[in-house]
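Asks: coords please:
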Amino acid sequence: MPPDAPSPTAPLDDFDVANIVLWENERYWPFFERLRREDPVHYCRGSAYGAYWSVVTHQDILTVETNHQAYSSASQYGGVIIHDAIAVRFANQTLEGMITMDPPRHGEHRSAVSGIVARPNLEHFEKVIRARTTAVLDALPVGEEFDWVPAVSIELTTQMLATLFDFPFEDRHLLTRWSNVATTEPGLGVVATEEERIREMKDCLFYFTRLWRKRRKQPGAFDFLSMLSQNPATASMQPMNFLGNILVLIVGGNDTTRNSMTGAVCAFDQYPQELKKLKSDPALMENAVSEIIRWQTPISHMRRTALADTELGGKSIKQGDKVVMWYISGNRDEKVFEDPERFNIERENVRRHLSFGGGIHRCMGRRLAELQLKILWEEILNRWSRIEVAGDPVRIRSNFVHGYESLPVRIIP
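Replies: Okay, here's the model as predicted:
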């Protein structure tokens, strides 16, 4: 560990688990382990994000997640990321999407689009996903080194996003770009400044506004944009509300699935015995998919803001305090998951993982994400012996998205 990196043996008062240095090479694990053991509701007085509370155990995270009367997601209080809501300003409004709303508005906006990813529609999507997965996998260079992230993870998730939005397929790369811009702090490799990020977010707004105007003239179409444009609760959204909802759907459809697709390759490479289990017993596939998502935890945290003075884990939370739920720690909670560091596709209680959140904000596209992963690994096992990691992964520099910029791999036929 570099000399300027924090130490997990430092006094707890010095702990700042959001420090980006810890996230560049996954150095945060011992910090979270110690907090779970010694200070599960921890106050950091000073950080690059101001003061904040860290909530690191499975039960405490669920307590915050399911109590929207006490802990707000609303953009007016700072939103759902430790970095306060993106300061995009347009027409004198602040960016606001369904995930940064409290009831009742949250439910009204969510219900406008949730039908497209409801269970009855998965059968239709399964055919589309399998055909596209087959085409992508069949085009890969077997036996040669290549980068799994753009070739498979980004390509498959971006194709799915383009379908959900009925987005021009030739421009689908823009969806990945806008997702990266929206979730990465300036100066960490995606955009250099906040001004640059705002400019690209406005490009996103203008592009989708053009599509929106066309969809409003096409009643009955079944895609995110059409459903937003034709639902009474969302048909008259202001620009920053419209952009906020678009970004929620882009990021939700991109980061969770994309980084779980890459994390799965890393997990099976690191734990080859689990791949052997899956090959010998395909009935384990659904459980394996849940374990992939738990083990990877593609979204590291969500943030809330205390609406009033309250208590959590014996600590006094003050009105206005920033409260950060570290899913990545809750998914490794030793009191819930036996041997939590280990990747184990036979884990009996794996469905208790927190990667999709909980309460009213639980990820509405979770079944579609699971289906994409399931089909991907069914098709991989039908083709090849294994996928070998051929070099060190390059990780996204973020304490919000837990993912990969690149992963060199080699397919073993």
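
Asks: Thr184: what's it in contact with?
Replies: By CB atoms under 8 Å, 6 or more residues apart in numbering, the residues touching Thr184 are Val190, Val191, Ile396, Arg397, Ser398, Val401. C-beta coordinates here come from the backbone N, C-alpha and C atoms, glycine included.

Asks: That one and Ile396, how far apart?
Replies: Distance, Thr184 to Ile396, using CB to CB, to the nearest Å: 7 Å.

Asks: How about Arg304?
Replies: Taking CB to CB, one finds Arg304 at 23 Å from Ile396.

Asks: got it, and Val248?
Replies: For Val248 relative to Ile396 (CB to CB), the value is 19 Å.

Asks: Quick check: end-to-end length of stretch 104-119?
Replies: End-to-end span of stretch 104-119 (CA to CA, to the nearest Å): 24 Å.

Asks: which SS class is Glu348?
Replies: In three-state terms, and counting by DSSP: H, G, I helix; E, B strand; the rest coil, Glu348 is coil.

Asks: Let me know how buried it is, in neighbour terms.
Replies: When neighbours are defined as other CB atoms under 10 Å, Glu348 has 10 of them.

Asks: Could I get the pLDDT score of it?
Replies: Per-residue pLDDT puts Glu348 at 95.

Asks: Give me the phi and psi for it.
Replies: When read as degrees, to the nearest 10, the backbone of Glu348 gives phi -70, psi -30.

Asks: Just list whatever residues bridge to Asp147.
Replies: Note on Asp147: beta-bridge partners by DSSP bridges are Pro408.

Asks: tell me the SS of Arg199?
Replies: Relying on three-state DSSP, one would call Arg199 helix.

Asks: coming back round to it: which one of Arg304 and Ile396 has more residues nearby?
Replies: Between Arg304 and Ile396, counting by other CB under 10 Å, Arg304 is the more crowded of the two (28 against 24).

Asks: which residues touch that one?
Replies: Residues near Arg304 by CB under 8 Å, 6+ apart: Val64, Tyr71, Ser72, Ser73, Val80, Val323, Met325.

Asks: ok, it to Ala74 distance?
Replies: On the measure of CB to CB, Arg304 and Ala74 end up 9 Å apart.

Asks: Which residue is the nearest non-sequential neighbour of Arg332?
Replies: Pro340 (4.2 Å; CB to CB, 6 or more residues apart in numbering).

Asks: Of the contacts of Thr184, which pair is most distant in space?
Replies: Spanning the widest gap among the contacts of Thr184 are Val191 and Val401, at 14.4 Å by CB to CB.

Asks: neighbour count winner among these two?
Replies: Set side by side, Val191 and Val401 show more neighbours around Val401, with 26 against 19, by other CB under 10 Å.

Asks: From what I see, that one and His301 are in contact.
Replies: No. Contact criterion CB atoms under 8 Å: Val401 and His301 do not qualify, at 9.9 Å.

Asks: Can you list the residue ranges for strands in the stretch 251-400 of the chain?
Replies: Using DSSP state E, counting those that start in this stretch, the strands assigned to the stretch 251-400 of the chain run over residues 301-306, 310-312, 315-317, 322-326, 386-389, 394-395.

Asks: Columns distance to Phe167 and mean pLDDT on top of the ones you listed, output as CSV?
Replies: As requested, the strands of the stretch 251-400 of the chain are arranged in CSV below (distance: least, CB to CB, whole Å; pLDDT from 0 to 100):
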stretch, distance to Phe167, mean pLDDT
strand 301-306, 26, 97
strand 310-312, 41, 97
strand 315-317, 41, 97
strand 322-326, 31, 98
strand 386-389, 29, 97
strand 394-395, 27, 94
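
Asks: Tabulate those (a markdown table), appending distance to Asp138.
Replies: A markdown table is the format used below for the strands of the stretch 251-400 of the chain (distance: least, CB to CB, whole Å):
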| stretch | distance to Asp138 |
| --- | --- |
| strand 301-306 | 37 |
| strand 310-312 | 51 |
| strand 315-317 | 53 |
| strand 322-326 | 39 |
| strand 386-389 | 15 |
| strand 394-395 | 26 |
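
Asks: Out of the ones you listed, flag the one nearest Tyr271.
Replies: Between Tyr271 and the strands of the stretch 251-400 of the chain, the tightest spacing by CB to CB is seen for strand 386-389, at 11.5 Å.

Asks: Tell me, please, the helix or strand in the protein that averages the lowest pLDDT.
Replies: Lowest by mean pLDDT, DSSP states H and E among the helices and strands of the chain is strand 89-90, with a mean of 56.

Asks: who touches the nearest residue to Pro298 once chain neighbours are set aside in this structure?
Replies: Leaving aside its chain neighbours, Pro298 sits nearest to Asn259 (4.0 Å; criterion: CB to CB, 6+ apart). Contacts for Asn259 were tallied using CB under 8 Å, 6+ apart; they are Ser153, Gln296, Pro298, Ile396, Val401, His402, Gly403, Tyr404.

Asks: now those in CSV, with pLDDT and distance to Glu348?
Replies: Listed next are those as CSV, based on pLDDT from 0 to 100; distance: CB to CB, whole Å:
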residue, pLDDT, distance to Glu348
Ser153, 97, 28
Gln296, 97, 19
Pro298, 96, 22
Ile396, 91, 31
Val401, 93, 29
His402, 95, 24
Gly403, 93, 27
Tyr404, 95, 28
